[in-house]
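Undergrad: I'll drop the sequence and a predicted model, then ask my questions.
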Amino acid sequence: MITYNEQNRTIKLDTPNTSYVLGIREGGFLLNLYYGRRLPDDDLWVLAQRHQSASFSPSDPEYTDVSTDVAPMEYPTNGRGDFRVSALSVRNADGNSVTDLRYVSHRIFAGKPDLPGLPHLYVTDDAQCETLEVTMRDAYTNVETVLVYTAFADCDAIAKHVRLTNKGENTVKLECALSSCIDLPSMEYDLLTLWGRHAKERQLERRPLGHGLQGIRSKRGSSSHSHNPFAALAEKGATETTGSVYGFNLIYSGNYVITAEVDHNATTRIVTGINPEDFGWLLAPGESFVTPEAVHVFSSEGLGGMSRTFHRLYDGHLIRGRWQNEKRPLLINSWEAAYFDFDTDKLISFAERAKELGIDMLVMDDGWFGKRNDDTNSLGDWFVNEKKLDLGRLVDSVHAMGLKFGIWYEPEMISPDSELYRAHPDWCVHVAGRTPSIARQQYVLDVSRQDVRENVFAQIQSVLGKYPIDYVKWDFNRNISEAGSALLPPERSGEFFHRFVLGTYELQGRLVSEYPDLLLENCSGGGGRFDPGMLYYSPQIWTSDNTDPIERLNIQFGTSLCYPASAMGAHVSACNRTGYRTKGDVALWGTFGYELDPNKLSEKDRGIVKEQVREYHKYYDLIHGGDLYRLVCPWDNAFHCAWSFVSRDKREVLVTFVRMRKEENTILHLKLQGLDPDKVYTVEQTGERCSGALLMYAGLELSGCARNDGDSCKLHLTAE
Ligand code: DGJ
């Protein structure tokens with residue numbers, strides 16, 4: 001899968017349908033010669049000899065056939081004649097940041113190395129991938145840079161990260177150390193990103209590339225609601241089903257950038273990594289720094305093909321542990337049902353009703369600890385509020401009913417009104433001389449500090465060690481300002497944000513390894529930290545606090561660009577916009593659950609809920625093991641949308657159709673995707689039998705379905 005051609009000095013990384021080609025040019029320049037649809041091996045010499053210089057552009061006096069200004073640089077550096085966005089900038093002991101990397105050696109091996117302290121893709125068998133390590137060196141500073149690539153055998157994905165080691169005698173400062181760069185020889189692409197805010201996460205935006213810089217970033221301390229760390233470049237005219245699309249995603253939960261730059265030659269560079277703003281990392285002699293891992297997917301089957309590759313990759317090579325493949329419990333969460341207003345008996349009554357409905361787990365959300373009855377206090381005081389709750393009786397009663405029990409934490413936060421803050425005021429994130437800003441009445445706890453992490457972890461252990469708890473919801477409800485730690489010396493202040501993220505990863509990693517049966521669900525005011533870094537620790541993430549099924553369509557369609565159904569927390573709530581049937585049909589797309597007071601359900605709605613629980617079991621394997629096809633997207637159609645899951649053997653299909661707004665007199669033929677044209681499918685609900693070809697090319701007649709605003713329907717198809 002990864003081959004070196006000695007004759008023309010190219011290295012070719014192949015996945016089943018894609019190729020990525022590097023060229024080593026005289027003088028040690030490493031070029032990014034090609035990325036896209038799979039190429040044959042024989043004619044790479046054509047790429048290898050392409051002209052890479054231009055007048056007015058600087059080059060090494062000894063090797064003038066490569067100008068770093070115009071050549072497709074594999075890992076571009078600052079100050080050495082490449083004036084586009086850099087991937088690496090190292091400030092040396094002389095005070096300048098001229099950085100110059102040249103090829104030294106490479107090696108290719110089966111399997112994939114771990115990234116210490118960072119979430120990453122993994123394989124269970126070395127035969128599932130091959131890895132290339134290219135060692136580059138800056139001769140003046142002696143900073144060694146190892147570019148690490150993994151090409152997967154079962155997915156069209158290439159993962160890339162960088163390991164920097166100071167092999168010189170002086171301390172240097174990394175001012176920019178990105179994970180990846182791709183240079184494409186054209187600007188004929190649209191940039192697709194997922195913007196959002198609280199309760200409106202991951203809204204798709206598509207814009208044509210223009211000359212200059214464009215892109216997304218976070219400087220909020222988390223990947224954030226504002227822009228998901230995902231972007232795609234879709235060739236002009238590429239659709240859901242056709243055309244070339246490159247997808248980029250960073251396995252990281254903190255400040256990041258994905259920047260595209262189109263230069264004066266109409267070529268496009270796209271870089272991905274830790275946001276260099278507010279970043280600076282001192283590297284003393286002998287020390288190393290590892291960047292987060294960037295994921296690249298190429299699809300020649302449009303956006304749908306790209307998404308399905310991400311889904312398979314993340315389901316198979318990112319999500320881990322017991323709950324990767326085990327059926328997730330269908331849960332009911334207390335938040336929208338009770339907010340802070342609960343006690344032991346109220347929660348037991350939720351569990352009793354939930355049990356009657358067939359639900360598997362009760363989750364007690366915010367409000368069980370310290371003296372917390374609203375959001376003004378107690379974060380950091382992770383001991384049971386015994387005035388409010390008898391946790392032992394609650395857990396025992398819930399377990400005695402045969403239900404699992406889950407609990408909420410927000411470990412990276414501290415309330416000014418808490419015992420923890422009164423004992424350790426310097427444990428909040430802050431900088432000298434400035435009052436920390438407050439958000440949701442809380443400060444951020446400085447988990448970049450080992451002593452702080454020990455304290456918060458010991459508190460979590462004292463609850464999880466005493467009560468048999470099956471699930472933890474880990475929340476994060478504000479952005480980070482006045483970013484600093486009392487323990488970091490001034491020259492290391494630029495390390496804070498990354499150290500904070502590493503601290504969070506250490507805590508979550510410890511939690512899931514000490515409690516391997518625990519199901520962890522991440523959350524950040526809904527989906528403010530919905531990223532692959534979090535998915536490495538928690539197989540599911542709460543998608544949004546917005547549980548309105550119509551609003552959820554855009555959120556879930558957007559989320560599905562990159563993330564699998566198995567990751568997407570989706571609950572039915574009491575909101576009134578639609579009936580329970582549509583709420584259930586929309587929530588069935590993700591990790592299903594309820595967010596309501598089950599005592600308040602009408603008899604009719606209880607019947608619908610019981611039916612939904614049956615459907616959850618009936619379709620679980622198909623939704624969690626099948627492939628998603630977005631049939632009609634809400635960003636393309638204001639009236640209705642549809643999606644389907646198709647089993648890998650193409651024998652089973654579930655189509656969901658939602659009518660957002662009624663259109664009069666429309667005849668609707670929904671063209672399915674991903675079926676076997678030669679198989680004959682039977683539609684369970686109508687008894688109709690027809691070929692996959694007819695269903696895909698002529699379409700399924702849907703005019704009579706879901707006739708009113710907010711209605712939905714599902715059609716289940718099976719083939720012999
Ligand atoms: C924000 C989350 O998104 C909600 O689901 C809930 O857990 C609240 N926090 C609790 O404070």
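TA: Right, received. Where do you want to start? The structure displayed is predicted, hence computed values, not measured ones. Residues are numbered from 1 along each chain as shown.
Undergrad: Identify the residues contacting Leu313.
TA: Going by C-beta atoms under 8 Å, 6 or more residues apart in numbering, Leu313 touches Leu121, Phe152, Cys155, Ala157, Val295, Val297. The C-beta positions use only the backbone N, C-alpha and C, and glycine is treated the same way.
Undergrad: where does it fall, helix, sheet strand or coil?
TA: For Leu313, the assignment made with DSSP: H, G, I helix; E, B strand; the rest coil gives helix.
Undergrad: Quick one, grab the pLDDT at it.
TA: Looking at Leu313, its pLDDT is 98.
Undergrad: Taking the stretch 301-450 of the chain, what residue is nearest to the ligand?
TA: Asp366 (3.5 Å; C-beta to the nearest ligand atom).
Undergrad: Just give me the residue closest to the centre of this protein.
TA: Asp531 (2.5 Å; C-alpha atoms, centre = their mean).
Undergrad: which residues touch it?
TA: Asp531 touches Ser223, Asn228, Pro229, Leu250, Ile251, Tyr252, Ser253, counting by C-beta under 8 Å, 6+ apart.
Undergrad: biggest separation within the residues you listed, which pair?
TA: Asn228 and Ile251 (12.6 Å; C-beta to C-beta).
Undergrad: more neighbours, these two?
TA: Neighbour count, other C-beta atoms under 10 Å: between Asn228 and Ile251, Asn228 has more, with 32 against 25.
Undergrad: Double-check that one against Glu205; I have them as touching.
TA: No - using C-beta atoms under 8 Å, Asn228 is not in contact with Glu205, being 11.0 Å away.
Undergrad: Select the longest strand from this structure.
TA: Longest strand of the chain, by residue count under DSSP state E: strand 172-184.
Undergrad: Could I get the contacts of Asp531 in TSV, plus columns for secondary structure?
TA: Formatted as TSV, the contacts of Asp531 follow (three-state DSSP):
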residue	secondary structure
Ser223	coil
Asn228	strand
Pro229	strand
Leu250	strand
Ile251	strand
Tyr252	coil
Ser253	coil
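Undergrad: Turn these into JSON lines, columns for pLDDT.
TA: Shown next, in JSON lines, are the contacts of Asp531 (pLDDT from 0 to 100):
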{"residue": "Ser223", "pLDDT": "98"}
{"residue": "Asn228", "pLDDT": "98"}
{"residue": "Pro229", "pLDDT": "98"}
{"residue": "Leu250", "pLDDT": "99"}
{"residue": "Ile251", "pLDDT": "99"}
{"residue": "Tyr252", "pLDDT": "99"}
{"residue": "Ser253", "pLDDT": "99"}
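Undergrad: picking that back up, excluding chain neighbours, what is closest to the residue of the stretch 301-450 of the chain closest to the ligand?
TA: Of all residues not flanking Asp366 in the chain, Trp408 sits nearest, at 5.1 Å (C-beta to C-beta, 6 or more residues apart in numbering).
Undergrad: Adjacent strands (with direction) for the host helix or strand of the one you found?
TA: Using DSSP states H and E, Trp408 falls within strand 404-409. Here strand 404-409 is paired, per DSSP bridges, with strand 361-364 (parallel), strand 471-474 (parallel).
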